[in-house]
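> Model the structure of this input:
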Amino acid sequence: MSGEDGLRRACVGRLVPVEACAVVPPGVSRFGGQPDWLCEPCWPVSAELGVPMRFIAQIRLPQAAGAAARLAYVFLTDEDEEYVDTFEADGGENAVIVQPGGVAPVDHEPLVSGPTLCDREGHPVCFLLETDPLPATAPVPEPGPDQPQDAPEAEQLTDLPAVQVGGTPTWLQGEETPAGDWRLLAQIDSTQVPFWINFGDAGIGYVFLDTTLTRGCLLWQGA
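Take a look at the predicted model:
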């Protein structure tokens, strides 16, 4: 099974808190902490502020048996000091980096560590990301033929997981899949995750990878 095929089926992401003194195996999917760089460190920098972005997550990519591990690293500009727009996939204020074999962002620094995910009180946090297939009875996050994507009904947005890995995105404000061939890597509901992430008013973030699994992007929509 190719990595692209592995993203077709939606999985529920379970966030398991990691104690401060716990040892986390390198290369596992998780939110927070510091990235486990598989190649040279490549920390993205905000296009507007010129400072390192905040590390949000690393997600292990699906792979064929015996293949080398690959990770997608997700970053978002820190808005603690000054507001910047982070919602656009190509706005220079968020980044998704794949290693090994991925494309580095234009603006980056060779930092091993940097700003990381925090709770709503500003304390750094770390959560392992474990996945389970969506139950067959779970609502499919995809509009029907009489339910256009640019006007989702309320029932489409009920029972969404805090984190969904793979599958089809559930759009809040109309379909915005980047132009070209892209697959959803993760969907993050800011109203349900146990940490602070600014996706606007009750927003959802969408992390995509291209079909070559070498380029990634992030965008978000508010409710």
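
> those helices in the chain, which residues are they?
3-6 (DSSP state H).

> Do a quick rundown of the strands in it.
11-17, 30-32, 43-44, 54-60, 71-76, 94-99, 108-109, 126-133, 163-165, 182-189, 204-210, 216-221 (DSSP state E).

> out of those strands, nearest to Val23?
strand 126-133 (11.3 Å; CB to CB). C-beta: built from backbone N, CA, C; applies to glycine.

> Each with direction, which strands does the closest one pair with?
Partners of strand 126-133 in the sheet, by DSSP bridges, are strand 11-17 (antiparallel), strand 30-32 (antiparallel).

> circling back to that earlier point, do you know which of the strands of the chain lies nearest Leu172?
Of all the strands of the chain, strand 216-221 comes closest under CB to CB, at 4.3 Å.

> beta partners of Trp182?
The partner residues for Trp182, given DSSP bridges, come to Asp210.

> The nearest residue to Phe87 once chain neighbours are set aside bridge partners, please.
Closest residue in space to Phe87, ignoring its immediate chain neighbours: Trp220 at 5.0 Å, by CB to CB, 6 or more residues apart in numbering. Per DSSP bridges, the residues bridged to Trp220 are Gly205.

> just checking, Trp220 touches Thr86?
Yes. At 7.3 Å, Trp220 counts as touching Thr86 under the criterion of CB atoms under 8 Å.

> For stretch 78-96, what does the pLDDT average out to?
Here stretch 78-96 scores 87 as its mean pLDDT.

> hmm, who's touching that stretch?
44, 46-49, 51, 53-54, 72-77, 105-108, 115, 178, 185, 198-200, 207-209, 215-222 (CB atoms under 8 Å, 6 or more residues apart in numbering).

> Count the neighbours of Glu175 for me.
Glu175 has 11 neighbouring residues, counting by other CB atoms under 10 Å.

> Contacts only, for Arg30.
The neighbours of Arg30, taking CB under 8 Å, 6+ apart as the test, are 18, 24, 57-58, 126-129.

> tell me the least confident of those?
Among these, Val24 has the weakest pLDDT, 87.

> For the residue lying closest to it once chain neighbours are set aside, give me phi and psi.
Leaving aside its sequence neighbours, Val24 sits nearest to Val18 (CB to CB, 6+ apart; 5.8 Å). Backbone geometry at Val18, expressed as degrees, to the nearest 10, gives phi -110, psi 130.

> pretty sure Val18 is touching Glu130, no?
No. Val18 lies out of contact with Glu130 (CB under 8 Å); the separation is 11.8 Å.

> what bits of this protein have low per-residue confidence?
Residues of the chain meeting the criterion pLDDT under 70: 1-6, 64-65, 80-81, 135-158.
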